[in-house]
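S.K.: okay, predicted coordinates and the sequence, questions at the end:
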Amino acid sequence: MDKLRRMRLAKDAMDRDWADPGLDLDAVAACAGYSRYHFLRAFKEAYGETPGQYLTHRRIERAEEMLRCASLTVTEICTLVGFSSLGTFSARFKARTGLTPSAYRARHVGRGASLIPGCYAMLWAGGFSTARSEKRTGPGPAYGDEGESADSITGTADRRAEP
Amino acid sequence: MIKGLAIATVWVLDPDRAKEFYTQKLGLEVRTDLTMGEGSMRWLTVGAPDQPDVELTLMVPGPPAMDPESAEMVRKLVAKGAFGVGVLATDDIHGDYRKLKDRGVEFLQEPQERPYGTEALFRDDSGNWFSFTQRREGGLDLERDCA
């Protein structure tokens, strides 16, 4: 149980500090008190995806909320959620939601969505990929995002920001 | 006629640690702490001093209520942080946020403005998630940017 608790602390650190571009794999692994290699494997075992995938999902989910609720430009939101490249942000946003940030905003903007408590949106929309049952085959644990499909995780500009 | 919610269950991993967390860190009061029989069932409840008619029962998953396999699954889910308990209300979100943080409560979100008030998020030391909210006076503010 202590191992799960440590993984939770690391996940909570990503939930809390998703905007911090310095939140790299080493920093997150340190929250769990694990080496990065063991951390990656243990995190994926507990939550079904790598820390990098989780952090990307968290950032996209926060961006969704900002697009629905805040008077900020897409570029501002991109930076605020911890991406350094607008192209990478847009590509990953589209891979996750099926829409570009602008199209997402056009579809969802309005008063209703902001009434869903942000905390529940964070729990619900920011969760884990439902495609987790697809097992990857390959030697050893994936390093960071490397196992993820090419359309969603490809950029190198954000590598430092994504454990 | 239903009069309201009186007791809600929170699954915790260790009753003594939970008792300390909910009283010393959150500032709730112990309402009941009984052990029935030969140490079999612990009935431990806490509540907010200002709200005497509602309490949380801090229960450890296990027999006889749960078979060992179910108990293990619940313990894992709690430890992974999969459960949210609900919303705790405050009338001083910023002051209480600071106070709880200083006492070592792990926050996932610092206080943020929402249409319904100001809200922070924390976990108890078992892994249960709480919203911590100060409701906005005068109802919803639908004009506000809330990200």
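M.R.: Yes, it's here.
S.K.: pLDDT at residue 142, what is it?
M.R.: All of this is about chain A. Listed pLDDT for A:Ala142 reads 40.
S.K.: to clarify, I was referring to chain B.
M.R.: Predicted confidence (pLDDT) for B:Leu142: 68.
S.K.: over to A:Ile116?
M.R.: 56.
S.K.: assign B:Ser131 to helix, strand or coil.
M.R.: Of the three states, B:Ser131 takes strand according to DSSP: H, G, I helix; E, B strand; the rest coil.
S.K.: quick one: contacts for B:Ser70?
M.R.: Neighbour list for B:Ser70: B:Pro61 [criterion: C-beta atoms under 8 Å, 6 or more residues apart in numbering or on different chains]. For every residue, glycine as well, the C-beta is placed using N, CA and C.
S.K.: how about A:Ala32?
M.R.: Applying C-beta under 8 Å, 6+ apart, we find A:Ala32 in contact with A:Arg6, A:Met7, A:Leu9, A:Ala10, A:Phe39, A:Ala42, A:Phe43.
S.K.: the first one and A:Tyr34 touch, don't they?
M.R.: Just to be clear, that refers to A:Arg6. Yes - using C-beta atoms under 8 Å, A:Arg6 is in contact with A:Tyr34, at 6.7 Å.
S.K.: shared neighbours of these two, which are they?
M.R.: A:Ala42.
S.K.: picking that back up, the contacts of A:Ala32: which two are farthest apart?
M.R.: A:Leu9 and A:Ala42 (11.9 Å; C-beta to C-beta).
S.K.: where does pLDDT dip in chain B?
M.R.: B:37-40, B:142-147 (pLDDT under 70).
S.K.: residues from it in reach of chain A?
M.R.: When proximity is defined as C-beta under 8 Å from any C-beta of the partner chain, chain B approaches chain A at B:13, B:75-76, B:79-81, B:84, B:106-109, B:112, B:114-116, B:119, B:121, B:123, B:127, B:129, B:131, B:140, B:142, B:145-147.
S.K.: which helices and strands sit right next to the strand or helix carrying B:Glu20?
M.R.: Taking DSSP states H and E as the definition, B:Glu20 sits inside helix B:15-20. Packing partners of helix B:15-20 (3 or more C-beta pairs under 8 Å, 6 or more residues apart in numbering or on different chains; DSSP states H and E): strand B:41-47, strand B:55-59.
S.K.: go again with 10 Å.
M.R.: strand B:29-36, strand B:41-47, strand B:55-59 (3 or more C-beta pairs under 10 Å, 6 or more residues apart in numbering or on different chains; DSSP states H and E).
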